[in-house]
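**Q** with the input below, show me the fold.
(one chain, ligands or ions: 4)
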Amino acid sequence: QARAAKRHVAAFDPAVYGDPAGNLSLISELMTALRGGEVTLAYQPKYDFRAERVTGVEALMRWTHPRRGFVPPDLFIGMAEETGHIRPLTEWAIDRAIEDQRTLSAAGHDLLVSVNISGRLLADESFADLAIAAVTSAGARLCFEITETAVMTNPETALRIVSRFADAGISISLDDYGSGLSSLAYLKQIRADELKIDKAFILGLDQSARDGLLVKSTIDLAHGLGLKVTAEGVETPTALALLRGMGCDLAQGYLIGRPVSLSAMIERLAEQPQA
Ligand code: C2E
Ligand code: CA
Ligand code: CA
Ligand code: CA
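**A** Ligands and ions are numbered 1, 2, ... in the order given. Predicted coordinates for the structure are as follows:
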């Protein structure tokens, strides 16, 4: 336990992450780690208010470096994006998620599994070909979480690729909604099924009437467009109750459950009433 804590601190050492040479070696180590099984997916439950149960999970990438310990995903994913290594990571995550969905299903839990798709990949038609082939050949029921920044950079290609995903039966979730410019044009043009309100607004829900107003308006707007709404960053019973009252569809956050290994998720799901 003490050792794990020490490793965790080491992962944030600026001497390691501050210099470009260190980051470069970290990326090559990441690619080795991917092949060597150091990279895993953690799953966080998504609770459906109406069904009163967990109906989906989000896959979140985890990397435990043998020496440096836990490496924050924002850090290594950002680096992988900048160095052009995000594609193999994402292809791995999709394959892993498909397999894990089968495992969940065999354990009696049919859940929608969400995978984060880096915006850079919405400019890559050959990535889309591969992702669609993987999902359709497996008959998997996946959701791709995407952020709007990508769509803003190269709207034509991104919107076309998102439509191809939707045609292939993949659900589309608009992640981190509200954290960027969140233009109405984006909402109007994109083929999405779900809007995910950024946790920045949900974390303040207990204290801030302004956040409450913004969240309620966003839920109404999304519903008007036929989108489901997930609130992320639900940490308190008060926030959960407020969201239920606002007609929010799904809740995700530490209150419902933290991201955990697949096996821990299966144990957790065994405790909830079966559908
Ligand atoms: P995200 O997609 O917005 O994921 C939600 C983040 O919020 C996760 O952080 C999750 O652990 C955290 N979170 C969940 N519930 C709560 C809560 O109640 N309170 C608070 N304060 N935080 C909560 P995580 O796992 O550190 O991931 C950070 C980001 O890294 C993700 O943000 C996503 O942008 C990226 N990421 C993670 N896995 C992948 C992946 O497989 N592919 C890609 N492209 N990006 C990924
Ligand atoms: Ca996400
Ligand atoms: Ca998010
Ligand atoms: Ca995020």
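**Q** can you tell me which residues contact L214?
**A** Going by Cβ atoms under 8 Å, 6 or more residues apart in numbering, L214 touches G178, F201. C-beta coordinates here come from the backbone N, C-alpha and C atoms, glycine included.
**Q** which strand or helix spans it?
**A** Assigning secondary structure by DSSP states H and E places L214 in helix 209-224.
**Q** I'd like to know which elements the next helix or strand after that helix is packed against.
**A** Next helix or strand after helix 209-224 toward the C-terminus (DSSP H and E): strand 228-232. Under the contact criterion of 3 or more Cβ pairs under 8 Å, 6 or more residues apart in numbering; DSSP states H and E, strand 228-232 touches strand 194-197, helix 199-202, helix 209-224, strand 250-252.
**Q** what residues sit buried inside the second one?
**A** Of the residues in helix 199-202, K199, F201, I202 count as buried by neighbour count, 16 or more other Cβ atoms under 10 Å.
**Q** how about residues contacting it?
**A** 178-179, 211, 214-215, 218, 231-235, 239, 243, 253.
**Q** how about the residues you listed in CSV, adding pLDDT and distance to V71?
**A** Below are the contacts of helix 199-202 laid out as CSV (pLDDT from 0 to 100; distance: Cβ to Cβ, whole Å):
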residue, pLDDT, distance to V71
G178, 88, 27
S179, 87, 23
D211, 91, 31
L214, 95, 33
V215, 97, 32
T218, 95, 33
A231, 98, 27
E232, 98, 22
G233, 98, 22
V234, 98, 26
E235, 98, 24
A239, 98, 29
L243, 98, 32
G253, 98, 23
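**Q** so which of the helices and strands packed on strand 228-232 is nearest V57?
**A** strand 250-252 (9.2 Å; Cβ to Cβ).
**Q** chain center to that closest one, what's the gap?
**A** The chain centroid and the centroid of strand 250-252 are separated by 12 Å under Cα atoms, centre = their mean, to the nearest Å.
**Q** before we move on, what about stretch 139-146?
**A** The chain centre lies 11 Å from the centre of stretch 139-146; the measure is Cα atoms, centre = their mean.
**Q** report the buried residues of it.
**A** A140, R141, L142, C143, F144, E145, I146.
**Q** what helix or strand does the last one sit in?
**A** Remark: I146 resides in strand 142-147, with elements defined by DSSP H and E.
**Q** mind checking pLDDT for G139?
**A** pLDDT, G139: 97.
**Q** contacting residues for it?
**A** Contacts of G139 by Cβ under 8 Å, 6+ apart: none found.
**Q** for it, give its distance to ligand 3.
**A** 27 Å (Cβ to the ion, to the nearest Å).
**Q** longest helix in this structure, please.
**A** The single longest helix within the chain, with elements called by DSSP state H, is helix 86-106.
**Q** now do it: which elements does it pack against?
**A** With contacts defined as 3+ Cβ pairs under 8 Å, 6+ apart, the packing partners of helix 86-106 are helix 20-36, strand 39-48, strand 53-65, helix 73-82, strand 112-116, helix 125-138, strand 142-147, helix 262-270.
**Q** is it positioned near ligand 2?
**A** No: remark: helix 86-106 sits outside contact range of ligand 2, by Cβ under 5 Å from the ion, the gap being at least 11.7 Å.
**Q** so which bits of that helix are buried?
**A** 86-87, 89-91, 93-94, 96-98, 100-101, 104.
**Q** cool, stretch 128-138 as well?
**A** Buried, per 16+ other Cβ under 10 Å, within stretch 128-138: A128, A131, I132, A134, V135, A138.
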